[in-house]
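# predicted model and sequence below, questions to follow.
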Amino acid sequence: MILTKDDQRLGLALGFVGPLLGLVFLYSWKFHSYTFGEFLESFIRENRLITSIGSLSLLVNAILFTIYVNTERDRTARGIFIVTLCYGIGILLLKLFN
């Protein structure tokens, strides 16, 4: 199975998709009364939401990273970590310049 490979490109792909799935999950669980566009607009504009939703979305990557480190697939874990850092820096910049 592809998810059992130890490949940095797989980690980069998983790291990119993980927070997006987390964002969609949070939308469907907590903010389903809004349209997805309204939800994203609120997320980008409100500093309070940037922090909470951003960190909860990155929680998916923390779980993935832990799974891949514990199963000794370090290249995949490295890819997840790199993308998580990029997302984190992006969220921090969005919060600072908002």
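It's in.
# in the strand or helix carrying residue 29, what counts as buried?
Using DSSP states H and E, residue 29 sits within helix 8-30. Using 16 or more other Cβ atoms under 10 Å as the test for burial, helix 8-30 gives 10-16, 18-19, 22-23, 26-27. C-beta: built from backbone N, CA, C; applies to glycine.
# now stretch 81-88
81, 83, 84, 87.
# could the residues you listed go into JSON lines alongside distance to residue 51, secondary structure and pLDDT?
JSON lines is the format used below for the buried residues of stretch 81-88 (distance: Cβ to Cβ, whole Å; DSSP: H, G, I helix; E, B strand; the rest coil; pLDDT from 0 to 100):
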{"residue": "81", "distance to residue 51": "21", "secondary structure": "helix", "pLDDT": "97"}
{"residue": "83", "distance to residue 51": "19", "secondary structure": "helix", "pLDDT": "97"}
{"residue": "84", "distance to residue 51": "16", "secondary structure": "helix", "pLDDT": "96"}
{"residue": "87", "distance to residue 51": "13", "secondary structure": "helix", "pLDDT": "94"}
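# quick check: angle from the helix or strand following the helix holding residue 29 to helix 8-30?
Per DSSP H and E, helix 8-30 leads on to helix 36-45 as the next helix or strand towards the C-terminus. Per axes from the mean of the first three to the mean of the last three Cα atoms, to 10 degrees, the angle that helix 36-45 makes with helix 8-30 is 110 degrees.
# outside of helix 36-45, which residues touch it?
Residues from elsewhere that reach helix 36-45, judged by Cβ atoms under 8 Å, 6 or more residues apart in numbering: 23, 27, 31, 34, 49, 50, 53, 54, 94, 98.
# any idea how far the second one is from residue 85?
Residue 27 is 24 Å from residue 85, where distance means Cβ to Cβ, to the nearest Å.
# okay, now the closest residue to residue 11 other than its chain neighbours: neighbour count?
Nearest non-adjacent residue to residue 11, counting by Cβ to Cβ, 6 or more residues apart in numbering: residue 79, 2.1 Å away. Neighbours of residue 79 under the rule other Cβ atoms under 10 Å: 24.
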